[in-house]
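>>> Dropping the sequence and predicted coords here.
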Amino acid sequence: MTALIQIYHSFAGRLNRAEWVLPTLARFLFAAVLTGYFWASAATKLGDGIFGFLSPSTGAYAQIFPKAFEAVGYDSGQLSLLHWAVVVAGTWAEFLLPVLIVLGLFTRLASLGMIGFIAVQSLTDLFGHGGIKHIETLGAWFDRMPDGVILDQRGFWILALVVLVVKGAGPLSLDRLLLRNAALVHPVSQPR
């Protein structure tokens, strides 16, 4: 039995030293599962023409401010400058934050931004679009059904992002390259 415990302990020690695994896997899964989802969603929010990134589509207002947009008769011109700014910022975030995570550039900050984005997205789905009326949209933890959109699926999304906030981007990232270059330019002085 002692030999088995020693083998287990040795194996666990090697895993503890493999700190590159979790952040690399979290970024890979984010790229494989969520980047396309967020980009497709952001694309529906772009207006027409070359400056469509500054003039959101009507669908953007309907997705982000469903009740306010309905209250003004679906006329985005009647919404405030704040509504426009939030929709534009949300659209840009849906494009830029996933790219930063996939590249591993400012990963911790981009992951925090995505966590906030997912929280706002979930609250909008629940309260803005009336999803709270449909309990299956929310889902439930500790049940036998792992397919609730908010609590189950987005819980795993946020877990992957928390790994990136805590562990960073890992060795295959622009963050690592920037840190290495910064260390060459500004070496940390050793105490005497």
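Yep, it's here. Numbers count the residues shown, from 1 in each chain.
>>> most centrally placed residue in the chain?
With distances taken as Cα atoms, centre = their mean, Met114 lies nearest the centre of the chain, 3.0 Å away.
>>> what's the spacing between the closest residue to Val163 other than its chain neighbours and Trp20?
When the adjacent residues along the chain are set aside, Val163 lies closest to Ala26, with 4.3 Å between them (Cβ to Cβ, 6 or more residues apart in numbering). C-beta coordinates here come from the backbone N, C-alpha and C atoms, glycine included. Computed with Cβ to Cβ, to the nearest Å, the distance linking Ala26 and Trp20 is 11 Å.
>>> Tell me which helix or strand comes right after the helix or strand bottoming out on mean pLDDT in the chain.
Lowest on mean pLDDT, DSSP states H and E among the helices and strands of the chain sits helix 135-138, with a mean of 69. Note on helix 135-138: by DSSP states H and E, the next helix or strand toward the C-terminus is helix 154-167.
>>> Which parts of the chain are strands?
Counting by DSSP state E, the chain has no strands to list.
>>> Kindly format the C-alpha coordinates of the longest helix along it as PDB.
When the chain is parsed with DSSP state H, its longest helix is helix 81-103. Once side chains and other backbone atoms are set aside, the C-alpha atoms of helix 81-103 remain, and they are given as PDB (Å, rounded to 0.1, in the frame of the first residue of the first chain):
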ATOM      1  CA  LEU A  81     -26.600  58.500 -26.100                       C
ATOM      2  CA  LEU A  82     -26.000  56.200 -23.100                       C
ATOM      3  CA  HIS A  83     -27.900  53.400 -24.900                       C
ATOM      4  CA  TRP A  84     -25.900  53.900 -28.000                       C
ATOM      5  CA  ALA A  85     -22.600  53.900 -26.000                       C
ATOM      6  CA  VAL A  86     -23.500  50.700 -24.200                       C
ATOM      7  CA  VAL A  87     -24.500  48.900 -27.400                       C
ATOM      8  CA  VAL A  88     -21.300  50.000 -29.200                       C
ATOM      9  CA  ALA A  89     -19.100  49.100 -26.300                       C
ATOM     10  CA  GLY A  90     -20.800  45.700 -25.900                       C
ATOM     11  CA  THR A  91     -20.400  45.000 -29.600                       C
ATOM     12  CA  TRP A  92     -16.700  45.900 -29.500                       C
ATOM     13  CA  ALA A  93     -16.200  43.900 -26.400                       C
ATOM     14  CA  GLU A  94     -17.800  40.800 -28.100                       C
ATOM     15  CA  PHE A  95     -15.200  41.100 -30.800                       C
ATOM     16  CA  LEU A  96     -12.100  42.300 -29.000                       C
ATOM     17  CA  LEU A  97     -12.200  40.400 -25.700                       C
ATOM     18  CA  PRO A  98     -12.300  36.900 -27.300                       C
ATOM     19  CA  VAL A  99      -9.400  37.900 -29.600                       C
ATOM     20  CA  LEU A 100      -7.300  39.000 -26.700                       C
ATOM     21  CA  ILE A 101      -8.000  35.800 -24.800                       C
ATOM     22  CA  VAL A 102      -7.200  33.600 -27.900                       C
ATOM     23  CA  LEU A 103      -3.900  35.500 -28.500                       C
END
